[in-house]
Structures are given as C-alpha cells and as structure tokens.
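In: with the sequence up front, the predicted model follows.
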Amino acid sequence: MVRPYGGCPDLIEDVLPGLWKRAGEIPWYDRSLVGISEKEVRDAFGQLMLHNSRFRESHCFCFFIDGLDEYDEAEYVWRDMTNILNDWHDESPGTVKLCISSREDNVFMDAFPADTRLRLHELTKPDIETYVRDKLGSIKYQDTKDLFVREIPSRAHEIFLWVALVVRLVREQAENDPSPTTLRKYMDSLPEKLEELFQHIFDSMHKTDRIRACQVLAMIRISEKHLEIAWLALHAYPLRHLFSRGVRGG
C-alpha cells in the first residue's frame, strides 16, 4: 500500500479521500492519529486498479506479492484473492504487472496460466542438495546420507529455513551415533510445516532453555511497542534478569 502511493503521492487524494481529509484535520506533529481500515485499503486498490482508467493510463504499476498462500488458510479467501489479482491484470491496458509467489496448491495452479509460471524450487533444488550434502557430510552411513540429500529438499516445500533447521536437528542427532534406522525415524518424525517445526523445537527444549526462549520472545514483543528499548541486545543479561524477577513492561 505504501509503495504505490509513496511513489505517486498525487494519487492519494483521489483514491483515499477519507484518509486525505482526516490527515488535513489533525496537527502535523501527531500523525499517529491517522489510521486506515482494511476496507479503505481494499477500496483504494479497487479505485486504483479497476474503477478509474485515468490512473492506469497515466501510471504503470508492478507488484511483488510473496507468500500468497500464507494470507489465510481458507480456500475461498485464496480464490477471492486470485480473482482480484487477475481482474487487476486483465482490466489494465498493459500497465499492471504482477509477480506472485505461493505454494502449488490447486487454487493457485488453477487461477494462473501454466505458461506464466516459474517453478523456483526446481531452480534452487541443486543448491539445496549441495547444502544438505555438505552439512551432513559427517554422517558415516552413505545410504542414509544419500536418502537425506534426496528427501530433505523434496519435503521442504521451497522453504530454505525449514531445510536449515532440519539439517541442524539431524546433525545434532547424528552426533549421538545412532543407527541408520533410528536416524531415519527421527527424520520422519519432523513436521513438514514450518510453524509445526518451530513448535517441535520449542517442545523439545530443556525447561531452562524454554524459559529463556520465552523471555527473548517477550522482549521482542515489548520492543515492538516501546521503541525506546528496541536497541537493547536480546542476549543482554540484565534484561533477562529483570524478567526472571517478574518485572514486566508496561
């Protein structure tokens, strides 16, 4: 929302009239009072992309939208979004370009033509395989190592963070010199969804480490609301010590 109107401020008054009016009525030194609703955002994009040809004829727009499948897990919401994006493209006289990423769920595969797709995971797969092979080089069972080099990239769903976390977990298990069967069972037990993997890692922590992790997460949440302490390093002992004594941010 910020990019198109930040680059073309002359559009704001026309496509966001309510926001423009509110901004003109409050003191210049307190812009925090200017809020914008989700409906206003939707209406603004509709006005910009669909209802006013003057904007599209005088401006060109290129949108990069990452993780379309992460917006919501309801398929009807995804379908509504793909319909909106296709309308933006179809109604424009060649002045709107879209670059969208998502997992290969059916709703997205059906919505966008095959000749416009770039399967990024096919391009990055060799690099991921090389990464896994290098990081798991210490595993002495060649068959198990070869299996992981094939299996980890295929289960990653194009998420490199998942690969990095799983490789680290497998390496830690391999340090205990388990049997090939035990190592494979451990690999099979790891969740394929990133959020579930985070939970798995958290649940497997020692109690003391979980407490420290909660303290760090609490500090991050507070720093988002209180910018005056955002500069503090998360590993700073005094702040963790305050949390352990029950001090909470206001």
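Out: Here it is on my side, so go on.

In: domain map for the chain?
Out: As recorded under automatic domain parsing, the domains making up the chain are 2-116, 120-203, 207-244.

In: so can I have TSV of these showing mean pLDDT and mean neighbour count?
Out: The way it works is simple: take the backbone N, C-alpha and C, and place the C-beta from them, glycine included. Formatted as TSV, those follow (pLDDT from 0 to 100; neighbours: other Cβ atoms under 10 Å):
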stretch	mean pLDDT	mean neighbour count
domain 2-116	77	13
domain 120-203	91	15
domain 207-244	64	12
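
In: so which residue is smack in the middle of this protein?
Out: By Cα atoms, centre = their mean, the chain has its centre lying nearest to residue 67, at 6.1 Å.

In: that residue: what's its closest spatial neighbour, skipping adjacent residues?
Out: Excluding the flanking residues, the one nearest residue 67 by Cβ to Cβ, 6 or more residues apart in numbering is residue 101, at 6.4 Å.

In: contacting residues for that neighbour?
Out: 65, 66, 67, 68, 120 (Cβ atoms under 8 Å, 6 or more residues apart in numbering).

In: so which of those belong to helices?
Out: residue 120 (DSSP state H).

In: closest one of the contacts of residue 101 to residue 201?
Out: Nearest to residue 201 among the contacts of residue 101, counting by Cβ to Cβ, is residue 67 at 21.2 Å.

In: now do the phi/psi pair for the closest one.
Out: Here is the backbone geometry of residue 67 (degrees, to the nearest 10): phi 70, psi 50.

In: what about the residue nearest to the centre of the chain, distance to residue 107?
Out: Residue 67 sits 14 Å away from residue 107, taking Cβ to Cβ, to the nearest Å as the criterion.

In: what about residue 107, which helix or strand?
Out: Using DSSP states H and E, the element containing residue 107 is helix 106-111.

In: and that helix, what does it pack onto?
Out: The contact analysis (3 or more Cβ pairs under 8 Å, 6 or more residues apart in numbering; DSSP states H and E) places helix 106-111 against helix 75-91.

In: and the following helix or strand past the helix it packs on with helix 75-91, angle?
Out: As assigned by DSSP H and E, the chain's next helix or strand after helix 75-91 is strand 96-100. Counting by axes from the mean of the first three to the mean of the last three Cα atoms, to 10 degrees, strand 96-100 points 150 degrees away from the direction of helix 75-91.

In: alpha carbons only: can I get strand 96-100 in CSV?
Out: Taking Å, rounded to 0.1, in the frame of the first residue of the first chain, the C-alpha atoms of strand 96-100 are listed here in CSV:
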residue,chain,number,x,y,z
VAL,A,96,-0.1,-3.5,-14.3
LYS,A,97,2.5,-6.3,-13.8
LEU,A,98,2.2,-8.9,-11.1
CYS,A,99,4.9,-11.2,-9.7
ILE,A,100,3.3,-13.6,-7.2
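
In: for the protein, just list every one of the helices.
Out: 2-7, 12-15, 17-25, 38-46, 53-58, 75-91, 106-111, 120-135, 142-155, 160-174, 180-189, 194-203, 207-225, 237-244.

In: now the ones you listed as TSV including distance to residue 97?
Out: What follows is the helices of the chain, written out as TSV (distance: least, Cβ to Cβ, whole Å):
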stretch	distance to residue 97
helix 2-7	12
helix 12-15	19
helix 17-25	26
helix 38-46	15
helix 53-58	12
helix 75-91	8
helix 106-111	17
helix 120-135	18
helix 142-155	30
helix 160-174	26
helix 180-189	41
helix 194-203	29
helix 207-225	33
helix 237-244	46
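
In: quickly note the distance from residue 122 to residue 150.
Out: Distance, residue 122 to residue 150, using Cβ to Cβ: 15 Å.

In: hang on, residue 197 packs against residue 167?
Out: No: with contacts counted by Cβ atoms under 8 Å, residue 197 stays clear of residue 167, the gap being 12.0 Å.
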